[in-house]
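*Asks:* Structure for this input, please:
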Amino acid sequence: MKHNDLLNLAIDTSYLAGEKILDIYNDNKYKNFIEIKKDASPLTIADKASNDIIVSCLKKNNNKIPILSEEEKEIDFYQRKKWNIFWLVDPLDGTKEFINRNGEFSVNIALIENGSPIMGVVYAPVIKKLWYGLKDYGSFLIDNKEKPTKINKVKPDNNIVKIVSSRSHANNNKLKKYLKQFKNYEIVSMGSSIKMCLVADGTAHYYPRFGPTMEWDTGAAHAIVKYANGNIYNIETDKELTYNKENLLNPGFIVK
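*Replies:* Just a heads-up that it's a prediction; the model follows:
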């Protein structure tokens with residue numbers, strides 16, 4: 001399949017997974033079905049249901065490309081390092097936002113080639129916004145399933161700099177230190193990978209992340225930011241984030 005076909009597959013799959021998540025989100029009888037994973041993070045039946053849909057759709061339509069998902073992450077590096085291209089999936093990014101019922105969660109599907117994101121889709125089902133980016137094509141926003149609108153990162157002007165901050169994982173001391181460089185700024189609080197998409201579509205200017213994240217947390221939005229003329233950089237080295245590392249943990253980063 002061509003990259004455009006794979007993009008359409010990822011978009012269609014994101015919508016399907018998002019609708020299933022919404023069914024569970026809007027049905028109160030599911031609210032107590034929450035597990036705690038080994039890393040102390042929460043897991044809901046919505047995570048599992050979304051993952052099942054995504055894996056099934058991707059395998060059914062293109063079984064040659066391997067899949068690395070947050071819910072199916074126990075794949076040895078000895079096997080993964082042979083992958084030149086693979087799907088990187090977070091079936092429900094922002095599980096805490098889902099549990100807290102603030103709507104700030106998303107479905108994330110990325111295509112990684114040689115350690116770099118070449119395509120990404122982020123769908124936020126509650127607000128019905130879908131962002132996507134594709135190498136050599138650009139990044140776009142589909143609002144409520146209307147026609148795609150091309151998006152581009154914007155540079156701060158002489159007025160207020162808008163900084164995105166994590167709603168559930170803010171690190172106040174490091175963030176305060178980072179903010180000292182700006183005379184006038186506004187904090188935009190948001191959950192999940194939507195934060196990175198806000199930089200891509202020009203709603204915000206920067207998103208510094210000091211706490212831990214995993215590759216599936218950033219892969220899809222990374223592509224969207226990258227092909228909207230921005231990028232995601234290691235906050236210490238200023239080098240672009242890479243994927244399919246032996247340790248799937250990301251360093252602290254800045255989206256700009």
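*Asks:* And the helix or strand containing Cys197, how far out from the chain middle?
*Replies:* Using DSSP states H and E, Cys197 sits within helix 194-200. Taking Cα atoms, centre = their mean, to the nearest Å, the mean C-alpha location of helix 194-200 is offset from the chain mean by 9 Å.
*Asks:* elements contacting it?
*Replies:* Using 3 or more Cβ pairs under 8 Å, 6 or more residues apart in numbering; DSSP states H and E, the elements in contact with helix 194-200 are strand 116-124, strand 129-134, strand 161-166, strand 207-209, helix 215-226, strand 253-255. All C-beta atoms are positioned from the backbone trio N, CA, C, and that covers glycine.
*Asks:* for those, which one sits closest to Leu68?
*Replies:* Set against Leu68 and scored by Cβ to Cβ, the helices and strands packed on helix 194-200 come closest in helix 215-226, at 7.1 Å.
*Asks:* what's the following helix or strand after the closest one?
*Replies:* Next along from helix 215-226, by DSSP H and E: strand 232-234.
*Asks:* And the helices in the stretch 1-150 of the chain, which stretches?
*Replies:* Secondary structure of the stretch 1-150 of the chain by DSSP state H, counting those that start in this stretch: the helices cover 3-25, 45-61, 77-80, 95-100.
*Asks:* any chance of the ones you listed in JSON lines, plus mean neighbour count, mean pLDDT and distance to Leu111?
*Replies:* Formatted as JSON lines, the helices of the stretch 1-150 of the chain follow (neighbours: other Cβ atoms under 10 Å; pLDDT from 0 to 100; distance: least, Cβ to Cβ, whole Å):
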{"stretch": "helix 3-25", "mean neighbour count": "19", "mean pLDDT": "95", "distance to Leu111": "6"}
{"stretch": "helix 45-61", "mean neighbour count": "19", "mean pLDDT": "93", "distance to Leu111": "10"}
{"stretch": "helix 77-80", "mean neighbour count": "11", "mean pLDDT": "94", "distance to Leu111": "15"}
{"stretch": "helix 95-100", "mean neighbour count": "19", "mean pLDDT": "85", "distance to Leu111": "23"}
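*Asks:* Least reliable of the helices and strands packed on helix 194-200 by average pLDDT, please.
*Replies:* For these, the weakest mean pLDDT is recorded on strand 161-166, namely a mean of 91.
*Asks:* what's near enough to touch Tyr206?
*Replies:* Listed by Cβ atoms under 8 Å, 6 or more residues apart in numbering, the contact set of Tyr206 reads Val161, Lys162, Ile163, Val164, Val199, Ile254, Val255, Lys256.
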